[in-house]
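>>> How does the following fold in three dimensions:
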Amino acid sequence: MKHKLFRIVSGMLFVSMALAACTPAAATVAPTSDKKVCEVTDVGGVDDKSFNQLAYSGVTQITEQLGWEGAVLESQQQTDYEKNINEYLTSDCDLIVTVGFLLGDATLASATAHPDQKYQILDNAYFNADGSPMDLPNVWQQLYAVNEAAFLAGYVAASATKTGIVGTFGGINIPPVVDFMDGFAFGVAHYNEVHGAAVQVLGWDPADRAGGLFTGNFDSTDDGRRMAETLMDEGADIILPVAGPVGLGTLAAVQERGNAYVIWVDVDGTISAPEYKAIILTSVLKKLDVTVVDAAKAIEGGTFAGGIHLANLQNGGVDIAPFYDLGSMVPQAVQDELPAIRAAIIAGTMATKP
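As a prediction, the model looks like this:
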């Protein structure tokens with residue numbers, strides 16, 4: 001089964017937080033540590049300008065900052081997950097990082113069969129039938145409260161829309177996706193309440209967990225284009241695509257149509273996809289790279305702990321990006337309201353999801 005394996009060594013890549021480039025090059029400098037981080041991506045691949053690319057940046061930062069050896073396997077399809085994880089079990093990996101909720105079953109199976117191997121899974125956690133956390137001391141389970149940051153983005157979008165209609169869609173109806181959509185819808189609703197507005201959200205109703213707009217995949221840019229065209233045809237002038245590289249099709253369609261804008265997710269879209277910076281109002285940031293580096297540092301420091309680790313507004317693990325040249329779209333009064341809203345979310349007095 002086809003897959004790509006990249007081996008990364010310290011100094012070999014210069015993938016910065018800006019994620020300006022993501023194509024691995026030949027090794028030039030040997031690792032300075034005897035440790036190794038091994039990552040298995042989801043199907044989006046390391047150049048998706050979103051989720052997988054940001055996690056991959058974490059691996060490259062580990063090679064550059066800590067001197068570890070790094071390796072990355074790109075999954076071409078979901079049936080690759082188990083095979084790719086298993087390939088690393090004979091590769092002397094100090095940490096196996098699996099990228100995404102959809103790798104949850106394969107990661108759990110491997111981790112329970114190999115309790116001496118350390119794992120980190122991004123966007124997933126494990127619970128028993130009674131709702132209690134599973135006892136998995138070898139699995140760092142990383143969750144992200146993206147609903148908190150998406151709430152801020154929804155509030156901003158509601159203030160910036162000219163049509164009174166905003167839209168969103170997801171790749172697959174899974175918790176890490178709908179968390180963005182929930183927060184976005186809650187933020188719009190709060191803006192309506194505070195400002196006496198009636199901004200409409202197309203594509204997602206937090207009360208209808210089985211409904212909403214979803215492409216059913218994380219790789220078809222054609223689907224992203226069609227979703228954008230449908231939402232714009234229905235009047236939406238700000239769109240939040242939560243579908244990894246699928247959203248690149250949305251960016252292209254919005255840029256071509258004009259008179260609409262996109263809120264990107266995971267990474268700062270104005271940096272990862274600068275060709276679209278003129279239409280990216282802001283981005284809902286999900287700092288996967290930071291958490292991947294944190295896990296490696298914990299191994300070095302002897303503090304690695306399994307269980308649930310949460311990235312949120314309070315600890316800076318999620319946020320929204322600056323408005324850059326589009327700041328004039330967001331009324332100054334609304335920008336001035338954001339710190340208080342942020343504080344209320346952190347304090348737990350502002351609901352950001354059902």
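>>> residue ranges of the strands in the stretch 151-300 of the chain, please?
Using DSSP state E, counting those that start in this stretch, the strands assigned to the stretch 151-300 of the chain run over residues 165-170, 200-202, 238-242, 261-266, 280-286.
>>> Tabulate those strands (CSV), appending mean neighbour count, mean pLDDT and distance to Gln142.
All C-beta spots, glycine's among them, are computed from the backbone N, C-alpha and C. As requested, those are exported to CSV (neighbours: other CB atoms under 10 Å; pLDDT from 0 to 100; distance: least, CB to CB, whole Å):
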stretch, mean neighbour count, mean pLDDT, distance to Gln142
strand 165-170, 27, 98, 20
strand 200-202, 20, 98, 28
strand 238-242, 31, 98, 18
strand 261-266, 26, 97, 13
strand 280-286, 27, 98, 10
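>>> Columns distance to Gly316 on top of those, output as CSV?
Shown next, in CSV, are the strands of the stretch 151-300 of the chain (distance: least, CB to CB, whole Å):
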stretch, distance to Gly316
strand 165-170, 24
strand 200-202, 27
strand 238-242, 21
strand 261-266, 15
strand 280-286, 9
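>>> just checking, what packs against the lengthiest helix in the chain?
Criterion DSSP state H: the longest helix present in the chain is helix 175-195. Using 3 or more CB pairs under 8 Å, 6 or more residues apart in numbering; DSSP states H and E, the elements in contact with helix 175-195 are helix 146-160, strand 165-170, strand 200-202, strand 238-242, helix 332-347.
>>> Let's see the fourth one as PDB, backbone CA atoms only.
What follows is strand 238-242, C-alpha atoms only, in PDB (Å, rounded to 0.1, in the frame of the first residue of the first chain):
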ATOM      1  CA  ILE A 238     -18.100  34.900   5.500                       C
ATOM      2  CA  ILE A 239     -17.400  31.100   5.500                       C
ATOM      3  CA  LEU A 240     -15.600  28.900   8.000                       C
ATOM      4  CA  PRO A 241     -14.500  25.600   6.400                       C
ATOM      5  CA  VAL A 242     -13.400  22.900   8.900                       C
END
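>>> Note down every partner strand of that strand and its orientation.
Strand pairing for strand 238-242, determined by DSSP bridges: strand 165-170 (parallel), strand 261-266 (parallel).
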